[in-house]
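Q: Give me a model of this one.
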Amino acid sequence: MNVDPGLDVDPALAAAVLEIEEHAAEAGWNRQARLFSLVDTRELVAREPALASLMGLDASDAEGSFTPVEQDLPADLPLEQVLESVGWPDDVVGCAVVVERLVLPPSADGQVPDDIDAAQAFAADHPLRQEVRMVAGVTRAGATYCAMRLRAYDNPQSVVTGADLVPALLAMLRGTLDEEGEA
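A: Alright, predicted model coming up:
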C-alpha cells in the first residue's frame, strides 16, 4: 500500500500504520489487540546497527521513517486498561495499536444494553454486525493516522484510511505519550 502524498498526514506515520495493518492481515482474524511503539528508523540504525541489520534495515531505509516494535500485552486485561498504564521513554516517537471490534449499524442505536457483557452478547448476535480491524497510530508531534479493514471485504484494496477514523482510540493512544515510563 502506498500513501498518497497529497494527504495532509505525516507520511512516516501513515506508512508505519499501513505496514502494521498488512502485518495484522497476514496473521488473520480473531486476534488479541496488539500494541506497537514507533521509533525513528534513522536513530535505530545508528544506535542498534546489529538489530537494524537483523531487521533488514540500513541507512537507505532510515530517512523519514518509523519502525514499529511490537510490545507484549497481558492477555488477561482489556486494552483500555492496559493503555491507561502505558508510558513510553523519550526515544519512542509514537505508538500504534491493532484492535478488532464488532460494529453495529446506526439502527441499533438505543438498543445496546448498558451492561458490558450483555452489550457484547447483543453485538455478537446482531444480524447486521460487521467485524472490523482497526489500526490507529499517533506521534508525539500530534500526527494521527488510521487504517480499517472489514472482514466482509478482506482485501488490501478495501482498506479505508484517514487521519481520524477512530477518535476515541486515538485519544487513548495520545494519553500513553503524555507520561514517561516504559511499556
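Q: and Val9, that's in a strand?
A: No: judged by DSSP: H, G, I helix; E, B strand; the rest coil, Val9 forms no part of a strand; its state is coil.
Q: Do you know the pLDDT at Arg140?
A: Confidence at Arg140, expressed as pLDDT, is 95.
Q: oh, and call the first residue 34 from now on, that's how I've got it
A: All set: I'll call the first residue 34, so the last point we hit is now Arg173.
Q: least trustworthy helix or strand in this protein by mean pLDDT?
A: helix 92-95 (a mean of 58; mean pLDDT, DSSP states H and E).
Q: What's the first helix or strand after the strand ranked longest in the chain?
A: Criterion DSSP state E: the longest strand present in the chain is strand 125-136. In the C-terminal direction, the helix or strand that comes right after strand 125-136 (DSSP states H and E) is helix 149-158.
Q: Pull out the buried positions in that next one.
A: By neighbour count, and taking 16 or more other CB atoms under 10 Å as the criterion, the buried residues in helix 149-158 are 155-156. For the C-beta atoms, the positions are set from N, CA and C on the backbone; glycine is no exception.
Q: Now do that helix: everything it contacts.
A: The set of residues external to helix 149-158 that reach it, using CB atoms under 8 Å, 6 or more residues apart in numbering, is 135, 137, 144-146, 162.
Q: Just the buried residues of the residues you listed.
A: Applying a neighbour-count criterion of 16+ other CB under 10 Å, the buried members of those are 135, 137, 162.
Q: between the residues you listed, which is closest to Met205?
A: For these, the minimum distance to Met205 (CB to CB) is 18.5 Å, reached by Leu135.
Q: and the gap between the closest one and Leu68?
A: In this view, Leu135 and Leu68 are 20 Å apart by CB to CB, to the nearest Å.
Q: picking that back up, out of the buried ones among the contacts of helix 149-158, which comes closest to Ala83?
A: For Ala83, the nearest member of those is Leu135. The distance, counting by CB to CB, is 42.7 Å.
Q: Same list (the contacts of helix 149-158) but as CSV, adding distance to Asp211 and pLDDT.
A: CSV is the format used below for the contacts of helix 149-158 (distance: CB to CB, whole Å; pLDDT from 0 to 100):
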residue, distance to Asp211, pLDDT
Leu135, 30, 83
Leu137, 31, 81
Gln144, 36, 85
Val145, 30, 86
Pro146, 33, 83
Arg162, 34, 84
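Q: Take those residues and write them to TSV, including distance to Glu103.
A: Compiled in TSV, the contacts of helix 149-158 are given as follows (distance: CB to CB, whole Å):
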residue	distance to Glu103
Leu135	24
Leu137	30
Gln144	37
Val145	32
Pro146	34
Arg162	28
